[in-house]
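Student: here is the input, now give the coordinates:
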Amino acid sequence: MRVLVVEDEPMLADAIAEWLRGDAHAVDVTYNGDAALERLFVNDYDVVVLDRDLPVVHGDDVCREIVGSGSLTRVLMLTAAAEVTNRVAGLSLGADDYLVKPFAFPELAARVRSLGRRSRPAAPPVLRRAGITLDPALHKVFRDGAYIPLSKKEFGVLAELLRADGAPLSAEFLLEKVWDEHADPFSPAVRLTILKLRRKLGDPPVIETVTSVGYRIS
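Tutor: You can find the predicted model right below:
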């Protein structure tokens, strides 16, 4: 998934980003609300992890912009205020979930995964197709019951292909969803990752190249 972390404490923001990257998400980071709105205008995010008390543009205003735009982007709001009235206020703005600081990183990651499923057409938590089983929560992949170790990027690309349910995905789409905003659009990263995936998944091949379109698991 593509995730934007908006948090004005750089150490916390970077720690959240690193934890989510460990879940094979593409993560961008910004430290104020104004920059967050700029990123949201340019990029298509599945989930925004949004601190409520932001400088420049308040987190409430960022949330209003996301909801008002009609975007499918889901919002996980973070706050240091634990009072019920604060949680209710955040959810009333249109936030999809609310997490009070300090929080456990595994819980945050689980909430991001849950919100990511809601930003797309319904898909089962465990993905299965062509003899492949991918469990996002456990970060494990099996083919015909045999465990297949994958890198974070390989796991992310495979997850997107499985979620597509047989539809072809372009290299540009995969680059946007699995890498981050620093990825070179002319990079052969997607092609190389597909080659590695095909080798690791073994025979018979399951990832098909659709000429002039992209890749799919049929």
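
Student: could you pull up phi and psi at A137?
Tutor: Backbone geometry at A137, expressed as degrees, to the nearest 10, gives phi -70, psi -40.

Student: that one: neighbour count?
Tutor: The burial count assigned to A137 is 12, neighbours taken as other CB atoms under 10 Å. Backbone N, C-alpha and C define where each C-beta goes, glycine included.

Student: one more: L115?
Tutor: That count, for L115 with other CB under 10 Å as the rule, works out to 21.

Student: wait, what's in contact with it?
Tutor: Listed by CB atoms under 8 Å, 6 or more residues apart in numbering, the contact set of L115 reads D46, V47, R74, V75, L76, D96, D97.

Student: and of those, the nearest to V157?
Tutor: Closest approach between the contacts of L115 and V157, by CB to CB: D46, at 15.4 Å.

Student: phi first, then psi, for the closest one.
Tutor: Dihedral angles of D46 (phi, psi; degrees, to the nearest 10) stand at phi -80, psi -40.

Student: contacting residues around it?
Tutor: M1, R2, V3, L72, T73, R74, L115, G116, S119, R120.

Student: related to what we said a few turns ago, quick one: which of the contacts of L115 sit in helices?
Tutor: Using DSSP state H, no member of the contacts of L115 sits in helices.

Student: select from those every entry located in strands.
Tutor: If you go by DSSP state E, the contacts of L115 have V47, R74, V75, L76, D97 in strands.

Student: fine, thanks again, bye for now.
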